[in-house]
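Trainee: Kindly generate the corresponding structure for this input.
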Amino acid sequence: MPKLVDHAVRRREVAEAVVRLILRDGVEAVTIRHVATESGWSPGVLAHYFTGKDALLLVAFGQVSDALVERTARRHVVGPPLSVLRWTLRNALPMDPVRRDEVRVWFAFLGHALARPALAEAQRRVYTEWEEALTALLRQAAGQGELAAGIDPATEAVALVSFVDGLALQAVFGPDRFPAARLAELLDRRLAVLRAGSGSPSDPADGEGPAG
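Mentor: Below you'll find the predicted structure:
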């Protein structure tokens with residue numbers, strides 16, 4: 001009887017192997033042969049599922065972007081919209097070893113995608129979905145009187161994505177200058193200008209999210 005193959009499991013194993021290669025040896029090390037060795041699958045089997053380097057990078061990028069969504073979805077996060085916004089943005093910052101590795105893979109993929117339309121399209125799609133999610137939270141905040149006057153939710157969402165991206169990139173290259181506490185402080189300073197009146201969003205200091 002032929003051996004049954006769980007294709008979802010195989011793709012996850014390959015994605016994890018690609019991530020390990022990128023973290024250890026850089027994006028240049030991602031080839032069918034190297035990923036086969038890293039994952040334990042034969043080159044022939046991998047070539048059946050993945051056409052080459054771009055396809056391997058794409059599945060790894062999906063693994064990293066899905067991890068953020070899954071981490072957020074695992075908790076039933078409730079609370080004022082700006083507090084939920086803060087918690088969501090903290091999840092995208094390299095504030096622990098897992099998230100640092102994710103950010104490193106994220107930027108490695110983005111650098112490789114610049115000259116590759118299919119990969120660039122995946123990048124644009126993820127950023128668009130992120131901006132839409134933040135826009136929805138900001139509109140909720142405005143509806144509940146949390147948001148300062150004159151702030152356009154869609155425009156602010158783009159600005160926040162750019163801010164978090166830049167902060168994450170600096171933290172990857174200068175971890176000593178941007179430890180978790182510093183990242184949290186800078187994010188809170190940025191979000192403080194969004195709140196109607198004075199003060200800043202209040203959440204648990206460990207970044208685990210609003211109560212709920």
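Trainee: What's the first helix or strand after the helix or strand bottoming out on mean pLDDT in the chain?
Mentor: Across the helices and strands of the chain, the lowest-confidence element by mean pLDDT, DSSP states H and E is helix 53-73, at a mean of 82. Using DSSP states H and E, the helix or strand that follows helix 53-73 in sequence is helix 81-90.
Trainee: about what we covered before: what is the least confident helix or strand of the chain packed up against?
Mentor: Where contact means 3 or more CB pairs under 8 Å, 6 or more residues apart in numbering; DSSP states H and E, helix 53-73 is packed against helix 7-25, helix 32-39, helix 97-113, helix 117-143. In short, each C-beta sits where N, CA and C put it, glycine included.
Trainee: With mean neighbour count added, can I get those helices in CSV?
Mentor: Output for the helices and strands packed on helix 53-73, formatted as CSV (neighbours: other CB atoms under 10 Å):
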stretch, mean neighbour count
helix 7-25, 17
helix 32-39, 18
helix 97-113, 18
helix 117-143, 16
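Trainee: And these: which comes nearest S83?
Mentor: helix 117-143 (9.4 Å; CB to CB).
Trainee: just how off-centre is the closest one within its chain?
Mentor: 12 Å (CA atoms, centre = their mean, to the nearest Å).
Trainee: can you list contacts of stretch 163-181?
Mentor: With contact meaning CB atoms under 8 Å, 6 or more residues apart in numbering, stretch 163-181 is reached by 89, 92-96, 100, 103-104, 106-107, 183, 186-187, 190.
Trainee: Quickly check the residues you listed for the two that are furthest apart.
Mentor: Maximum pairwise distance among these (CB to CB): 22.6 Å, between R104 and R190.
Trainee: Quick one: residues contacting the nearest residue to L187 once chain neighbours are set aside.
Mentor: Excluding its sequence neighbours, the residue lying closest to L187 (CB to CB, 6 or more residues apart in numbering) is L89, at 6.0 Å. For L89, the contact set (CB under 8 Å, 6+ apart) comprises 134, 160, 164, 187, 191.
Trainee: Between those, which sits nearest S42?
Mentor: For those, the nearest to S42 is V164 (40.0 Å; CB to CB).
Trainee: Sticking with that closest one, tell me its helix or strand.
Mentor: Counting by DSSP H and E, V164 is part of helix 153-173.
Trainee: in that helix, what's buried?
Mentor: Using 16 or more other CB atoms under 10 Å as the test for burial, helix 153-173 gives 153, 156-157, 160-161, 164-165, 167-169, 171-172.
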